[in-house]
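Trainee: Any chance you can model this:
(chains A and B)
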2 protein chains.
Amino acid sequence: MLPPVTKKRIYLFSPSSAVRNKAAVRRGIARLKALGHEVELDPAVFATHMRFAGDDDTRLAAIERAAASGADIALITRGGYGLTRLLPRLPYKAIARAIDHGTEFVGLSDFTAFQNAVLAETGRTTWSGPAVGEDFGVEGEPDEIMQACFEDLVEGQGEGSGWRLPAAEGREAPLQEKGVLWGGNLAIVAALAGTPWMPKIKGGILFLEDVSEHPYRIERMLTQLLYAGVLERQKAIVLGHFTNWVPVPHDKGFKLKSVVDWLRNEVKAPVLTGLPFGHVPTKVCLPVGAKVTLAAEGRDAFLIWGHLHRHHH
Amino acid sequence: MLPPVTKKRIYLFSPSSAVRNKAAVRRGIARLKALGHEVELDPAVFATHMRFAGDDDTRLAAIERAAASGADIALITRGGYGLTRLLPRLPYKAIARAIDHGTEFVGLSDFTAFQNAVLAETGRTTWSGPAVGEDFGVEGEPDEIMQACFEDLVEGQGEGSGWRLPAAEGREAPLQEKGVLWGGNLAIVAALAGTPWMPKIKGGILFLEDVSEHPYRIERMLTQLLYAGVLERQKAIVLGHFTNWVPVPHDKGFKLKSVVDWLRNEVKAPVLTGLPFGHVPTKVCLPVGAKVTLAAEGRDAFLIWGHLHRHHH
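Mentor: Numbering: from 1, shown residues only, chains lettered A, B, ... in the order given. This next block holds a predicted model:
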């Protein structure tokens, strides 16, 4: 006999900016339901206070409800801005308890602040992954790889992700490093430098992505992590996508590759690129705070976390 | 008999982005000469390497020449981006020696990185003030207050600056605080958090300005300084101009004033606004690293540094 199938519960909440495209969020909800999931909406999921999804108290209460929901997945509607304001007041104990009881927190972008603060305060693992509006709510079909990775996460089955390195970065000698995976949005990670919520990860695998930041700003943020000693403590740096920036004529050849070249010159750790993560449709799910193995040979790269202990309830 | 008039020497150098508007820099030079100054151009003042005024070695050599110039004033052509890359390699001892012998370093924006790193490493005072291209090189007449403050600095006569507080911020109870003045461009100051070049100023007067940063980004940068403990160590925070940002419809009332209100709620120190400094024509010269008195009563505010010991040679 097969074990009884447990219907998975997804709790949607809005910890950052106000949802602007409600239709997209509704489309995303419909798609998650069509996949067989039960989707519960936080009462403040469409709340608005200035550019935020409700004022600070409202968004904190939404986070508390997500932590108390007992859902399998607590998924954000969208990123934007707002979590940084809440870091001193996040209900860290309740979040840790929820994670210990099997709730996986999933999101990206501004959610990076939540994820790294939770890691710094509690050591718990959260997931960098999709947001319901921008990923499941797109017009047309959601990205297949994004959906497959999310389904693996929901089912507790994903054990890693692989990608293809750019041709110029193929490795003759195989690379294998083990460490705690952490990071996310570069602007948010850099904004944690010098604060109590910058995770103190030694021998880690740091992954980074960003959107709408010109390479000179990406470089400036990386100098902060470099000078703060963060980069030298990592075993590897893995770059996702840096999208939606506008070259200007006076760049005169200064581009994203210039920054990657500069970074490789400044740090001893290997710098890999092409990770399918960022503000792009094709994104994998990545466990922030989990011990992973980064392996690369030729043009094949993998992040492997194996079977994480999840879904205890 | 009057003392003999010493002709003042201004050394122009380019430590950050490449000069794009050479005509403006040439106009600025002509105006400084018309004011009776001797203006010396660093050989790399118009150098270009990608978006920089020469590669890192070129810009470091320019800074070394400025420090060795023996000039009364070492003035930047423009800001932009580039100094952050150089912080580990700046010739701090030579810069300190130059300052001790009477050379005043003057600039703003990206130059904030130089100024605060010099303060952190050497305790020496530099000046937040104009850049030759953008301030003296404007079409039409340069701003009168900017020119008068710069002339005071060149002559070693400026002892403070006053400004008018916004009507809503008039103080019934007089304010008087003494401390080290420091700061400058917010993005640069925030990018120093967690690094060895963030000045460890207790009981200071922190002034901040920025350009092309939306209020939500200004707030995020301020949260970093808040969480890093920087703001709570200051006796006062003085805000200059935050210009050239674009409101969007979904701000829904979130604006610069929202950020100032939030800041005043988060810190005990008084937060004054309206300082005539930033990416605006009317800018005063401010001694970064000097002990100053901040005084305010009614709508009148003053930063007073008295007679700084300068121009020893």
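Trainee: Can you pull out the low-pLDDT segments for the stretch 1-150 of chain A?
Mentor: Counting by pLDDT under 70, the stretch 1-150 of chain A contains low-confidence residues at A:1-6.
Trainee: Identify the residue nearest whichever residue of it sits closest to chain B in space, chain neighbours excluded?
Mentor: At 3.7 Å from chain B, A:Met50 is the closest residue in the stretch 1-150 of chain A, using C-beta to the nearest C-beta. (C-beta placed from N, C-alpha, C; glycine too.) Leaving aside its chain neighbours, A:Met50 sits nearest to B:Phe254 (3.7 Å; criterion: C-beta to C-beta, 6 or more residues apart in numbering or on different chains).
Trainee: Name the SS class of the one you found, please.
Mentor: Secondary structure, DSSP: H, G, I helix; E, B strand; the rest coil: B:Phe254 is coil.
Trainee: swap in A:Ala67?
Mentor: Secondary structure, three-state DSSP: A:Ala67 is helix.
Trainee: list the contacts for it?
Mentor: The neighbours of A:Ala67, taking C-beta atoms under 8 Å, 6 or more residues apart in numbering or on different chains as the test, are A:Ala74, A:Pro91, A:Ala94, A:Ile95, A:Arg97, A:Ala98, A:Thr103.
Trainee: Mind giving me the ChimeraX command for buried ones among the residues you listed?
Mentor: Selecting only the buried entries of the contacts of A:Ala67 in ChimeraX, with 16 or more other C-beta atoms under 10 Å in any protein chain shown as the criterion:
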select /A:74,91,95,98,103
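Trainee: There's contact between the residue of the stretch 1-150 of chain A closest to chain B and B:Val248 in this structure, I believe.
Mentor: No: counting by C-beta atoms under 8 Å, A:Met50 sits too far from B:Val248 to count as a contact (11.6 Å).
Trainee: Pick out whichever of these two has more residues nearby.
Mentor: Set A:Met50 next to B:Val248 and count neighbours by other C-beta atoms under 10 Å in any protein chain shown: A:Met50 wins out with 17 against 11.
Trainee: For the more buried one, give me the backbone phi and psi.
Mentor: Dihedral pair for A:Met50: phi 50, psi -130, per degrees, to the nearest 10.
Trainee: Next, give phi and psi for A:Ser17.
Mentor: According to degrees, to the nearest 10, A:Ser17 has phi -80, psi 160.
Trainee: Pull the contacting residues for the residue nearest to it when sequence neighbours are not counted.
Mentor: Excluding the flanking residues, the one nearest A:Ser17 by C-beta to C-beta, 6+ apart is A:Gly80, at 2.3 Å. Contact analysis of A:Gly80 by C-beta under 8 Å, 6+ apart lists A:Ser16, A:Ser17, A:Ala18, A:Arg51, A:Ser109, A:Asp110.
Trainee: Next: A:Ala168.
Mentor: Per C-beta under 8 Å, 6+ apart, neighbours of A:Ala168: none.
Trainee: From A:Glu155, how far out is it?
Mentor: 36 Å (C-beta to C-beta, to the nearest Å).
Trainee: What ranges does the stretch 151-300 of chain A have for its helices?
Mentor: According to DSSP state H, counting those that start in this stretch, the stretch 151-300 of chain A carries its helices in the segments A:186-191, A:215-227, A:256-266.
Trainee: mind listing what the longest strand seen in chain A pairs with, with the direction of each?
Mentor: As assigned by DSSP state E, the longest strand anywhere in chain A is strand A:171-185. Strand pairing for strand A:171-185, using DSSP bridges, gives strand A:204-211 (parallel), strand A:291-298 (antiparallel).
Trainee: Next step: the contacts of A:Ala67 restricted to helices.
Mentor: Counting by DSSP state H, the part of the contacts of A:Ala67 found in helices is A:Ala94, A:Ile95, A:Arg97, A:Ala98.
Trainee: contacting residues for the first one?
Mentor: Listed by C-beta under 8 Å, 6+ apart, the contact partners of A:Ala94 are A:Glu64, A:Ala67, A:Ala68.
Trainee: now do 6 Å
Mentor: Counting by C-beta atoms under 6 Å, 6 or more residues apart in numbering or on different chains, A:Ala94 touches A:Ala67.
Trainee: Now for the residue nearest in space to the middle of chain A: which residues touch it?
Mentor: Nearest residue to the geometric centre of chain A (C-alpha atoms, centre = their mean): A:Ser128, 2.4 Å. Residues in contact with A:Ser128 (C-beta under 6 Å, 6+ apart) are A:Leu108, A:Gly184, A:Leu286, A:Val288.
Trainee: and if we set it to 7 Å?
Mentor: For A:Ser128, the contact set (C-beta atoms under 7 Å, 6 or more residues apart in numbering or on different chains) comprises A:Leu108, A:Gln115, A:Gly184, A:Phe277, A:Cys285, A:Leu286, A:Val288.
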